[in-house]
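Student: no sequence on this one, just coordinates:
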DNA sequence: CTTACATCCTGATTGC
DNA sequence: TGCAATCAGGATGTAA
């Protein structure tokens, strides 16, 4: 579910409410996530203050006062919600609320993940640089190093579809299934085209389309397609602005042609047959 | 190295 | 309406 814009929205919201707070108590009620939650996670974070929140690709990074950090990934269905002082214990969902951090202002951060594809890992002080989750990630799509020359180099010789290429976290980090479709629509490139056959002009358009879409989505606090909620429990508003994703059969907002859906690399993909070549 | 595919898991939606 | 099949915003390991 959550791609870069959703995680960045989460980071910004929590930066206002959770940074500076001390984790008084933590509890893990379900350790079986994609990667098993360490037994000593709770003990390792209790008493530490949340110093800073960072993001790399789709990972939220919670830096703690002793130099350690938590690396959090929401998988497909995860969420990290900040629950207020008035939060009632009865609202705790024992099925999917897996990890809870009680903060010193009597609020709590709760990690909920029905499908359990996410992960939370405590990284020892100074260990972020060597974190395996982050090691192979490509450049941030909002950064200067994600440019046409770079993407052209990555596309060279690749038989994979261009959509798969831009969803490959080693190529560019943070783009998932929704935004890949949206970026390619804006760039006028069909998702099924082989990466190596994309012209340089088209590569330039793909790169140029990326930041505006991601920034707009962040501005809307992300996309709620089915179930995503931000840390305040509110749906993201970008769903209203999707041009192709999830709109199979509906008219293109630019040319009125019916949006098509195809499977590319086992993922649903959407495009306009007229606007995208 | 690249690509194709199954797999982890539960819930919502679709189709009969 | 009920129930089973299908699909879901992600990432990884394995095999070819």
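Tutor: Looks like it came in fine. Model, not experiment: these values are computed from the prediction. Residues are numbered from 1 along each chain as shown, chains lettered A, B, ... in the order given.
Student: neighbours around the residue in chain A that DNA strand C sits nearest to, how many?
Tutor: Closest to DNA strand C within chain A is residue A:176: 1.9 Å, counting by CB to the nearest atom of the strand. To be clear about C-beta, it is placed using only N, CA and C from the backbone, and glycine gets the same treatment. Neighbour count for residue A:176, taken as other CB atoms under 10 Å: 21.
Student: so what's it up against?
Tutor: A:2-4, A:58, A:167 (CB atoms under 8 Å, 6 or more residues apart in numbering).
Student: so which of those residues also contact DNA strand C?
Tutor: Residues of those in contact with DNA strand C (CB under 7 Å from any atom of the strand): A:2-3, A:58, A:167.
Student: so which of the residues you listed are in helices?
Tutor: residue A:167 (DSSP state H).
Student: only whichever of the ones next to DNA strand C among the contacts of residue A:176 are buried, select them in ChimeraX.
Tutor: Written as a ChimeraX command, the selection of buried residues from these, which uses 16 or more other CB atoms under 10 Å, is:
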select /A:2,3,58,167
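Student: need the ones next to DNA strand C among the contacts of residue A:176 in CSV (columns: distance to residue A:112).
Tutor: As requested, these are exported to CSV (distance: CB to CB, whole Å):
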residue, distance to residue A:112
A:2, 12
A:3, 18
A:58, 17
A:167, 25
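Student: please parse chain A into its domains.
Tutor: Domains of chain A are assigned by automatic domain parsing as A:4-135, A:148-271.
Student: interface residues of the stretch 51-200 of chain A facing DNA strand C?
Tutor: So the stretch 51-200 of chain A meets DNA strand C at A:57-58, A:73, A:75-76, A:115, A:117, A:133, A:167, A:169, A:176-178 (CB under 7 Å from any atom of the strand).
Student: buried only: go through these for me.
Tutor: Looks like those have A:57-58, A:73, A:75-76, A:133, A:167, A:176-178 buried, using 16+ other CB under 10 Å.
Student: and which of these is nearest residue A:41?
Tutor: Closest approach to residue A:41 among those (CB to CB): residue A:73, at 14.4 Å.
Student: so residue A:73 bridges to which residues?
Tutor: residue A:59, residue A:119 (DSSP bridges).
Student: my read is that it contacts residue A:59, right?
Tutor: Yes. Assessed by CB atoms under 8 Å, residue A:73 is found in contact with residue A:59 at 5.4 Å.
Student: hmm, back to that, now, the buried ones among the residues of the stretch 51-200 of chain A next to DNA strand C that are in strands?
Tutor: Judged by DSSP state E, the subset of these located in strands is residue A:73.
Student: what's the farthest-apart pair in the buried ones among the residues of the stretch 51-200 of chain A next to DNA strand C?
Tutor: A:133 and A:178 (21.6 Å).
Student: other SSEs contacting the helix or strand hosting residue A:71?
Tutor: Element membership for residue A:71 (DSSP states H and E) is strand A:69-73. Packed against strand A:69-73 by the contact rule (3 or more CB pairs under 8 Å, 6 or more residues apart in numbering; DSSP states H and E) you find strand A:59-64, strand A:119-123, helix A:132-135.
Student: switch to 7 Å and redo it
Tutor: Packing contacts for strand A:69-73, counted by 3 or more CB pairs under 7 Å, 6 or more residues apart in numbering; DSSP states H and E, involve strand A:59-64, strand A:119-123.
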